[in-house]
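> A structural model of the following input is requested.
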Amino acid sequence: MAAGSPRRKSCLSSPKRALDTFSSADMSNRPERASDLPVNLYDRAYRSRIGVRWESHTYEHLDESDRPTRPSHSFSFDNLSIRGSPCAALLHESVRACLPPKFLRAPKPSQLSFEFLRCKDPRKGWGMFSRRYLPMGGLIDVETPAAIAPLDITSLGMSSSRMHSTLFHLLTPKALRSVTELSNPNATRGSAAYEDIMRANALIVHLKANDKKLQAHHALFLNTSRCNHRYVYMIFSLHHFLTSYHSCSPNAAWSWNKDTFSLSLVAVRPISVGEEITISYVDASLSRRQRQERLAKLYHFHCQCEACTYKWTPSSDRNRAELHDFWNKTCSFEDWCMNRKLPDDELIQIHERALDLRDQEGLQQLDYQKHVDAIVLCYGALSDWHMFQEWIAHAMACRADSDVDHVLVMELWHEQPTRFPVWGWRPDETYA
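Okay, here's the model as predicted:
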């Protein structure tokens, strides 16, 4: 080993293909390269599928003045019922054509993990708090959107406020009451409030569509939308209002799965009982100034989280910039395997430094698992039995109950390391 050797600042290909070996493997034959591995091992596992029911919408329950102008023929309003959960939807015909007749079943937490409580600071309103200890990778919640609409509505053929009013009238009375309790930055009422609520609380998700311009959608979630921003000053024209849930060093992260039409909220570091659950709306690897500018432009508030106030230092911006550009400046796993001039531990040290920076800045939600997986790949390629088992145990712990399929396969590799797809790709007598 060449411990302490300087890291190379090479700009090589993305490590995505190599990291994909965690979701594609041949247990019997050793392939020549990661690209030769069969695809989607985990997708071959048994998964139950359940259907989706579409319902045509009429406006008979609305007063004449509330009935919408007919949208463009390419768009239509629908009541979408997914596993019994209603979703008010405005979808383009090409998006609807790409929806599968059946969606994969989404995993569910083993027990209720959170509750909504009023924050100690009366200016912050309600927050999402943990009801139990949550390990890193612990599944907090899985939910389908209450409402979803295209991000770009320029070709809709009706005003934005009228579109949002029509969409929200598709909600059940209970869901509509919950939605109207979400943050309304301009304190508007009536149909104008629906538009403001959607813009302030919705998350951007992508659906399948032949035209990429039609894939981005605003999705409103009754639970996760309450877990959006923490310690933020909402920018009003006349006053400021402090709300909760955002952090530029959040303890949770969300991911969207178009195959299950659901969002998963996962702990990215251990969360104690009674601790507030937070996520970030913008790329937290940006500098403080860039984050503030984006939050003000997109969500109309000034962030006052710990990472932006008393914990911020110029070195924090430098650390985040290093993480922001990490994958563009780091040698890929495949190139490290094939380039014998590179020290055996060089790629391991690079990813260990990235993990240290993420812990230091509270950015575990950004590729933390990918760094751990990369280290597992390296020790597997070096045939280092002890370190491989140690790091693959860490990789399983990072996933906890949020990625059961991957954990099951990793358990097999932990017990029988030689069945790991890239085992021995870069043998060295030091690691024998």
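> Poorly predicted segments of this protein, please.
For the chain, applying pLDDT under 70 flags the ranges 1-73, 118-126, 185-187, 227-245, 427-432.
> Please parse it into its domains.
16-46+313-431, 49-308 (automatic domain parsing).
> will you turn those domains into CSV that also has mean neighbour count?
Quick note: C-beta positions are derived from backbone N, CA and C, even for glycine. Formatted as CSV, the domains of the chain follow (neighbours: other CB atoms under 10 Å):
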stretch, mean neighbour count
domain 16-46+313-431, 18
domain 49-308, 18
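> Quick check: which helices or strands does the helix or strand encompassing residue 369 pack against?
Counting by DSSP states H and E, the element that carries residue 369 is helix 368-381. Judged by 3 or more CB pairs under 8 Å, 6 or more residues apart in numbering; DSSP states H and E, the packing partners of helix 368-381 are helix 16-19, helix 333-338, helix 346-361, helix 385-399.
> and the longest one with helix 385-399, angle?
The directions of helix 346-361 and helix 385-399 differ by 30 degrees, with axes from the mean of the first three to the mean of the last three CA atoms, to 10 degrees as the criterion.
> and the helix holding residue 369, how far from the chain's centre?
20 Å (CA atoms, centre = their mean, to the nearest Å).
> Please apply the same query to stretch 308-328.
In this view, stretch 308-328 has its centroid 20 Å away from the chain centroid, taken as CA atoms, centre = their mean.
> Check what contacts it and list those residues.
11, 14-15, 248-249, 283-288, 291-292, 307, 354, 357-358, 360-361, 363, 366-367 (CB atoms under 8 Å, 6 or more residues apart in numbering).
> who wins for proximity to residue 98 among the helices and strands packed on helix 368-381?
With CB to CB as the measure, helix 16-19 is the member of those nearest residue 98 (23.8 Å).
> Wait, a strand at residue 195?
No. Per DSSP: H, G, I helix; E, B strand; the rest coil, residue 195 lies outside any strand segment and is helix.
> Would you quantify the distance from it to residue 292?
Computed with CB to CB, to the nearest Å, the distance linking residue 195 and residue 292 is 24 Å.
> swap in residue 74?
38 Å.
> again, but for residue 259
As judged by CB to CB, residue 259 and residue 292 stand 35 Å apart.
> Also residue 317?
When distances are taken as CB to CB, residue 317 and residue 292 turn out to be 12 Å apart.
> dump the residue contacts of the residue nearest to residue 183 when sequence neighbours are not counted.
With sequence-adjacent residues excluded and distances taken as CB to CB, 6 or more residues apart in numbering, residue 183 is closest to residue 200, at 5.0 Å. Contacts here follow CB under 8 Å, 6+ apart; on that basis residue 200 touches 182, 183, 184, 185, 299, 300.
> Repeat that for residue 147.
By CB under 8 Å, 6+ apart, the contact list for residue 147 reads 87, 88, 89, 167, 168, 170, 171, 179, 198, 202, 219, 220.
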